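> coordinates for the following, if possible.
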Amino acid sequence: MELRHFRYFVAVAEYGGFTRAAARLHVSQPTLSQQIRDLERHVGTPLLVRDPSGTRLTPAGAAFYERIRGVLHAVDEAASTARYVAGLREGTLRVGVALPMPREIHLTVLTAFAEAYAEVQVSPRQLGLVDFDRPLIHGEIDVALMFMPVDPERLAWEPVLDEPRGLAVSTGHDLWDVDAVHFTDVLGQAFAPVHAEVPARAVRWWTMDEQRNDEPPRYRGAPGATPEEVLLSVRLNRVVCPAPYNYRDTALPTGLRMIELTGLPPATVVAARRREDRGGLAEAFCSLAARTVRGLARSAPGRVPASSELGDLRA
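This is a model prediction of the structure:
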């Protein structure tokens with residue numbers, strides 16, 4: 001007996017006859033009839049009753065049908081699993097990274113992924129302020145390490161790391177000498193505007209529109225399309241700009257500093273993918289990113305763990 005015998009028999013049973021089953025299987029009716037006779041000979045008993053009123057299962061055929069459906073389901077699952085494993089172990093993964101990442105966790109994650117999936121070619125791409133989550137939504141990349149908020153309808157994500165919120169201020173500003181400020185003391189400040197192509201969803205979150213009852217902040221200066229342009233606007237126009245607090249660890253332009261913005265939910269780094277990309281490299285990357293960063297407590301901040309340190313995180 002071969003798998004085609006099983007599939008032909010199940011088709012006849014489910015379509016109620018040879019004519020419809022042959023059409024669905026794209027074989028001739030005589031060929032199908034011969035295959036069913038061969039199967040019955042192997043089994044040793046009639047499985048179908050053929051008469052002018054139609055085709056129906058014998059009691060033996062009904063019992064055989066119930067069990068053989070499970071066999072075919074198991075075969076299909078095994079083939080699907082094999083394709084899944086093959087897909088995880090070969091190919092290319094296009095990874096977007098919104099820099100700067102806190103503690104350079106993108107290096108840790110990419111190193112861990114490269115160790116776990118050595119056959120996969122990783123193609124990185126830096127995401128800009130205007131890009132945000134659009135390259136991922138439009139299929140230009142497969143996954144992304146970035147800050148929330150991302151598109152909740154088209155993207156799925158794994159939380160990777162929470163980072164305090166920060167505020168960029170310039171020398172001469174009345175907040176220059178403080179280390180932290182509550183968000184309620186910032187809502188009335190003038191903000192640096194960003195380019196119109198930056199998703200409004202992200203702008204509203206970072207400028208705390210919800211905390212100000214959806215009233216937009218006051219803006220001063222020309223819109224910036226890159227983090228560098230926005231920071232320059234902060235410097236030139238003596239305005240403020242919310243940003244991840246980890247920007248304090250970057251080379252900020254002279255005359256700028258980052259202070260902590262308190263009283264707000266943290267800024268969350270996520271590993272994001274398209275919702276329809278399930279069961280492949282994209283989902284594996286997101287899961288591994290979350291597990292890897294959770295293990296960073298076992299290593300010094302800012303250091304990429306060695307391969308031996310990451311072994312148990314890939315399970």
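
> got a pLDDT number for residue 12?
Per-residue pLDDT puts residue 12 at 88.

> let me fix that, I meant to ask about residue 45.
Reported pLDDT for residue 45: 92.

> isn't it right next to residue 59, touching?
No - with contact defined as C-beta atoms under 8 Å, residue 45 does not reach residue 59; the gap is 9.6 Å. Any C-beta I mention is one placed from the backbone N, CA and C, and that applies to glycine too.

> in space, what's closest to residue 131 - neighbours in sequence excluded?
residue 96 (7.7 Å; C-beta to C-beta, 6 or more residues apart in numbering).

> partner strands of the host helix or strand of that neighbour, parallel or antiparallel?
Using DSSP states H and E, residue 96 sits within strand 91-98. Take DSSP bridges as the rule and strand 91-98 pairs in its sheet with strand 120-127 (parallel), strand 143-147 (parallel).

> got a list of contacts for the shortest one?
When contacts are defined by C-beta atoms under 8 Å, 6 or more residues apart in numbering, strand 143-147 is touched by residues 93-98, 101, 105-106, 109, 127, 132-133, 135-136, 160, 163, 244, 267-273, 282, 285-286, 289.

> what's in contact with stretch 13-23?
Applying C-beta under 8 Å, 6+ apart, the set of residues contacting stretch 13-23 is 8, 11-12, 24, 28-29, 31-33, 36, 48, 54-55, 57, 61, 65.

> repeat the analysis, applying 6 Å as the threshold.
11, 12, 29, 32, 54, 55, 57, 65 (C-beta atoms under 6 Å, 6 or more residues apart in numbering).

> for the fourth one, report the pLDDT, please.
In the predicted model, residue 32 carries a pLDDT score of 88.

> in which helix or strand would I find the nearest residue to it once chain neighbours are set aside?
Computed as C-beta to C-beta, 6+ apart, the closest residue to residue 32 that is not its neighbour in sequence is residue 22, at 4.7 Å. Per DSSP H and E, residue 22 falls inside helix 18-25.

> give me the neighbour count for the residue nearest to residue 32.
20 (other C-beta atoms under 10 Å).

> now do the one 5 residues further on
For residue 27, the count of nearby residues is 16 (other C-beta under 10 Å).

> again with residue 200
9.

> same question for residue 169.
So residue 169, with other C-beta under 10 Å, has 26 neighbours.

> now the closest residue in space to it that isn't next to it in sequence, what are its backbone angles?
When the adjacent residues along the chain are set aside, residue 169 lies closest to residue 175, with 4.7 Å between them (C-beta to C-beta, 6+ apart). The phi and psi values for residue 175, taken as degrees, to the nearest 10, are phi -100, psi 0.

> hang on, residue 175 packs against residue 167?
No - in this structure, residue 175 is not within contact of residue 167 by C-beta atoms under 6 Å, at 7.2 Å.

> deepest of the strands paired with strand 91-98, which one?
Ranked by mean neighbour count, the strands paired with strand 91-98 are led by strand 143-147 with a mean of 26 (mean count of other C-beta atoms under 10 Å).

> how far off centre is that strand?
8 Å (C-alpha atoms, centre = their mean, to the nearest Å).

> let's see it as CSV, backbone CA atoms only.
Below are the C-alpha coordinates for strand 143-147, written out as CSV (Å, rounded to 0.1, in the frame of the first residue of the first chain):
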residue,chain,number,x,y,z
VAL,A,143,12.0,41.7,11.5
ALA,A,144,13.0,44.8,13.5
LEU,A,145,14.5,45.8,16.8
MET,A,146,12.8,49.1,17.6
PHE,A,147,10.9,51.1,20.2
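
> mind listing the strands for this protein?
Under the criterion DSSP state E, the chain contains strands at 48-51, 54-57, 91-98, 120-127, 143-147, 155-163, 165-170, 180-182, 190-191, 218-219, 241-244, 256-262, 267-274.

> can you lay out the ones you listed as CSV showing mean pLDDT and distance to residue 293?
Formatted as CSV, the strands of the chain follow (pLDDT from 0 to 100; distance: least, C-beta to C-beta, whole Å):
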stretch, mean pLDDT, distance to residue 293
strand 48-51, 85, 59
strand 54-57, 84, 56
strand 91-98, 91, 14
strand 120-127, 92, 17
strand 143-147, 96, 10
strand 155-163, 93, 5
strand 165-170, 95, 19
strand 180-182, 96, 25
strand 190-191, 94, 30
strand 218-219, 93, 35
strand 241-244, 92, 15
strand 256-262, 95, 21
strand 267-274, 95, 8
